[in-house]
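Chemist: Mind looking at a prediction? Sequence and model below.
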Amino acid sequence: MPISFSSSKLPDQLFINNEFVSSKGSKKLSLYNPADGSLVTDACPCADEKDVDAAVEAAEKAFPAWKAISAAERRGILTKFADLVQQSAEVISEMTRLTLGAPYESFGKFEVGLCADAFRYNAGWIDKFGGESWPQDDGFMKIVRNEPLGVTAGVVPWNGPIGTIGLKAAPALATGNCFILKPSEKTPFGSLALGELIKEAGFPPGVFQVLSGDGSTGALLASHMRIRKVSFTGSIATGKKIQEMAAKSNLKRVTLELGGKSPAVVFDDCNLENAITWTANAITANTGQVCFAASRVYVQEGIYEKFIAGYKKAMQEKAKLVGDPNTAGTTIGPLVDKSQFERVSGFIERGQQGQGKLLVGGNRIGSKGYYLEPTVFTDVDIDSEIHTEEIFGPVSVVRSFKTEEEIMHLSNNTQFGLMAGVFTQDINKAMRVASEFDSGMVGINCVSLMFMNTPFGGSKQSGIGRECGIQALRAFTEPKTIMVNLTY
Ligand code: NAD
């Protein structure tokens, strides 16, 4: 059965124990369409303590049977869910677009596909994620099993609301955990609608639940005494609170995927066109609201003028692609909402007061909705906020550099460590620089990309732990050592 919800019939209930139920609390969320600023609803449920407790109770009840289900059956359920998500890609994206503003062809399709891929990829691991055993040369045989944790939760952001679900829920469920999802208060509809597909795929009641809510719901999950893990994606400030709540409650396990201010280092000997294409795409995809966007671009002085001319032209071309996300041909939509628009506009305004030189962009597009021109500052002061802080919009800063040593120091001189890119045709230099970057991910002649089978995440304040690949399965399991005495 196809999904019955749509942008004209939005889900307005929580999904607990395989049923859509009304929230016990009276608090409601208001959501607006960033394409024109209009009110979408003021009645989206915000799960309260009783709702969270009900979901935890259902998950606890479901856990023993879910943990014990055969690998083939669990794999079948995850794979069917992936297929159902894929089949409903357009309608899930449509509901998300209503409050995120991201066009389908350039973003919605990708992130729903990412979610479906994550379920397929992790389903494939179910009968391959074995443990270890060690020889009994000392009279004891040792077996190490990967045990699921129990009730786990995912608190996700608005900028990739459906893709992020796959990265957290799929490995959690594949390894036998129950999972409670809390979408962002800015993008709850696509996630709530998944309830229908969860049921249809055959997940038993209580295994996979969805609670819409704001930070208060996230805090209830992070501090819950019977939730064993919270996997969080969002800002550094909230990530720190989550870790504190986890520590102060039951020392639940925590994975944190946080912000970035990722550098792209462009050397004189690069393929210029390739460097311009990657760096321009990186900062405009999803209107720059991407955690691993290359937002600091460092260009060696020999090609600086040429790069600047090409990068400026590329950004002017990108500006032509900004528009209503529902119109065919638009690849860059508005910023997610008024507060994000004002935040990014504030950076642009203050940036022009002595922090750097505005190369291109800087203006609002149109008078309704939250559209901004792709914006670039050059000659930025290295201590300025536009150079040091995550702006989370289509705004990048560019500086020229002389030596590799100088630029590696500047690249790493930041609290962030999510992604970095190096552009050069010298393989030795590329590998040297790649190992010098203090970041979780590095692109050589590419930047701001990810793969399902390789670890995704950051060093320093960009996060703790990794998603994707086998690391994601490890993050949702606890090794248990069993020692067998063979000597008596
Ligand atoms: P945010 O921190 O404001 O919110 C993220 C989630 O946390 C939301 O679901 C929100 O309701 C919840 N939340 C807010 N306060 C909470 C609290 N006190 N306790 C528990 N939960 C709480 O982040 P955002 O604005 O939604 O997302 C943007 C940020 O996310 C950016 O910094 C971006 O870089 C980061 N991000 C990181 C990655 C990554 O993988 N590293 C991916 C996407 C986004």
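Modeler: Yep, that arrived.
Chemist: Show residues contacting stretch 347-366.
Modeler: Around stretch 347-366, the neighbours that count as contacts under C-beta atoms under 8 Å, 6 or more residues apart in numbering are 308, 311-312, 315-316, 319, 322-323, 345, 371-381, 384-387, 389, 391, 393-395, 397-398. The C-beta positions use only the backbone N, C-alpha and C, and glycine is treated the same way.
Chemist: Any of these buried? List them.
Modeler: The neighbour-count criterion (16 or more other C-beta atoms under 10 Å) marks 308, 311-312, 315, 319, 322-323, 345, 371-378, 380-381, 384, 386-387, 391, 393-395, 397-398 among these as buried.
Chemist: Tell me who's in contact with the closest residue to residue 41 other than its chain neighbours.
Modeler: With sequence-adjacent residues excluded and distances taken as C-beta to C-beta, 6 or more residues apart in numbering, residue 41 is closest to residue 31, at 5.6 Å. By C-beta under 8 Å, 6+ apart, the residues touching residue 31 are 39-42, 44, 98-99, 185-186, 188.
Chemist: at 10 Å instead, please
Modeler: With contacts defined as C-beta atoms under 10 Å, 6 or more residues apart in numbering, the neighbours of residue 31 are 10, 39-44, 98-99, 185-189, 337.
Chemist: pretty sure residue 196 belongs to a helix, no?
Modeler: Yes. Under DSSP: H, G, I helix; E, B strand; the rest coil, residue 196 sits within a helix.
Chemist: State the distance from it to residue 427.
Modeler: 50 Å (C-beta to C-beta, to the nearest Å).
Chemist: How confident is the prediction for residue 136, by pLDDT?
Modeler: For residue 136, the pLDDT comes out at 89.
Chemist: Quick check: closest non-adjacent residue to it.
Modeler: Nearest non-adjacent residue to residue 136 (C-beta to C-beta, 6+ apart): residue 486, at 5.2 Å.
Chemist: Show me where the stretch 351-488 of the chain has its helices.
Modeler: 385-388, 404-412, 427-436, 469-475 (DSSP state H, counting those that start in this stretch).
Chemist: possible to save these as CSV with mean pLDDT and distance to residue 143?
Modeler: Listed next are the helices of the stretch 351-488 of the chain as CSV, based on pLDDT from 0 to 100; distance: least, C-beta to C-beta, whole Å:
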stretch, mean pLDDT, distance to residue 143
helix 385-388, 98, 49
helix 404-412, 98, 42
helix 427-436, 98, 36
helix 469-475, 98, 17
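Chemist: between the ones you listed, which one is nearest to the ligand?
Modeler: helix 469-475 (12.0 Å; C-beta to the nearest ligand atom).
Chemist: so where's the chain uncertain?
Modeler: 1 (pLDDT under 70).
Chemist: Residue of it closest to the ligand, please.
Modeler: residue 218 (2.2 Å).
Chemist: got the contact list for that residue?
Modeler: Going by C-beta under 10 Å, 6+ apart, the list of residues near residue 218 reads 47, 52, 153, 155-156, 182, 184-185, 211, 230, 232, 234, 238, 241-242, 245.
Chemist: Those residues: which ones sit near the ligand?
Modeler: Among the contacts of residue 218, the ones lying near the ligand by C-beta under 6 Å from any ligand atom are 155-156, 182, 184-185, 234, 238, 241-242.
Chemist: could the residues you listed go into CSV alongside neighbour count and secondary structure?
Modeler: Formatted as CSV, those follow (neighbours: other C-beta atoms under 10 Å; DSSP: H, G, I helix; E, B strand; the rest coil):
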residue, neighbour count, secondary structure
155, 26, strand
156, 26, coil
182, 28, strand
184, 24, coil
185, 20, coil
234, 23, coil
238, 19, helix
241, 18, helix
242, 24, helix
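Chemist: Tell me the residues of the protein that contact the ligand?
Modeler: 155-160, 182, 184-185, 214-215, 218-219, 222, 233-235, 238, 241-242, 257-260, 291, 390, 392, 418, 458, 463.
Chemist: Mind telling me what element residue 169 is part of?
Modeler: Taking DSSP states H and E as the criterion, residue 169 maps to helix 163-174.
Chemist: If you count neighbours, what's buried in that helix?
Modeler: Buried, per 16+ other C-beta under 10 Å, within helix 163-174: 163-174.
Chemist: Equivalent analysis for stretch 59-66, please.
Modeler: Quick answer for stretch 59-66 (16+ other C-beta under 10 Å): 59, 62-63, 66.
Chemist: Where do the strands of the stretch 151-300 of the chain begin and end?
Modeler: Ranges of strands in the stretch 151-300 of the chain, per DSSP state E, counting those that start in this stretch, are 151-155, 178-182, 208-210, 229-233, 253-257, 262-266, 294-300.
Chemist: Out of the buried residues of helix 163-174, which comes closest to residue 16?
Modeler: residue 169 (15.5 Å; C-beta to C-beta).
Chemist: In contact with the residue lying closest to the closest one once chain neighbours are set aside, which residues?
Modeler: Distance criterion C-beta to C-beta, 6+ apart; nearest residue to residue 169, sequence neighbours excluded, is residue 179 at 5.0 Å. Contact partners of residue 179, counting by C-beta under 10 Å, 6+ apart, are 59, 66, 151-154, 165, 168-173, 198, 203, 207-210, 229, 231, 476.
Chemist: now swap in residue 92 and tell me
Modeler: Per C-beta under 10 Å, 6+ apart, neighbours of residue 92: 3, 5-6, 84-86, 108, 111-112, 115-116, 161-162, 189-191, 193-194, 197.
Chemist: Now, those residues that are in helices?
Modeler: 84-86, 111-112, 115-116, 189-191, 193-194, 197 (DSSP state H).
Chemist: Break this structure down into its structural domains.
Modeler: Domain ranges of the chain: 14-258, 263-452, per automatic domain parsing.
Chemist: which residues sit in contact with residue 332?
Modeler: 101-103, 106-107, 284-288, 318-323, 325, 365, 371-374, 394 are the contacts of residue 332 under C-beta under 10 Å, 6+ apart.
Chemist: Report the spatially closest residue to it, excluding sequence-adjacent ones.
Modeler: residue 322 (4.4 Å).
Chemist: before we move on, the earlier item: angle of the helix holding residue 169 against strand 229-233?
Modeler: 160 degrees (axes from the mean of the first three to the mean of the last three C-alpha atoms, to 10 degrees).
Chemist: Tell me which residues of the host helix or strand of residue 76 come out buried.
Modeler: Per DSSP H and E: residue 76 is located in helix 71-87. Judged by neighbour count (16+ other C-beta under 10 Å), helix 71-87 contains these buried residues: 74-82, 84-86.
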